[in-house]
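A.B. asks: no sequence on this one, just coordinates:
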């Protein structure tokens, strides 16, 4: 009797989905999932709180605020996202809004529209610039510049 062994490691299985908001379902309000994973295939208008993974499937939409450890977007997310570990935007994913992340992965075809800061750079110094760099200053009109001078 011969025994065959593969030298290739077994592929990791996808993480289990603990909670699912199905297609054609609209949820308005707050979702708290603790460390359980949450997959959105429908629409969430409100806030998602998770210390685990949140995934937005193709066709899924979240409008509001997402607090999560890990966010995977293959659908659409609009609003404020505070992600402690990693935000992944896959090829069909679209993220629009203010984003704070530990790390960011954007696949070819994925879109990030808005402001994104890394968590360790989110703290601003006394002069109003983010640690590690600064955003270009907004151009003031002559009237606004005169008002700013008067306030000093």
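C.D. replies: Sure thing, it's come through. On a predicted model such as this, the values are computed, not experimentally measured, just so you know. Numbers count the residues shown, from 1 in each chain.
A.B. asks: quickly list what the nearest residue to residue 103 once chain neighbours are set aside is bridged to.
C.D. replies: Leaving aside its chain neighbours, residue 103 sits nearest to residue 86 (4.7 Å; criterion: C-beta to C-beta, 6 or more residues apart in numbering). In this view, the C-beta of every residue, glycine as well, is placed from N, C-alpha and C. On the basis of DSSP bridges, residue 86 is bridged to residue 70, residue 103.
A.B. asks: state the distance from residue 86 to residue 45.
C.D. replies: Distance check for residue 86 against residue 45: by C-beta to C-beta, to the nearest Å, it reads 25 Å.
A.B. asks: for the residue nearest to residue 103, give me its contacts.
C.D. replies: 70-71, 101-105 (C-beta atoms under 8 Å, 6 or more residues apart in numbering).
A.B. asks: residue 41 now?
C.D. replies: 20-23, 25, 57, 59-60, 75.
A.B. asks: of these, just the buried ones, ChimeraX syntax please.
C.D. replies: Selection of buried members from the contacts of residue 41 for ChimeraX, criterion 16 or more other C-beta atoms under 10 Å:
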select :21,57,60,75
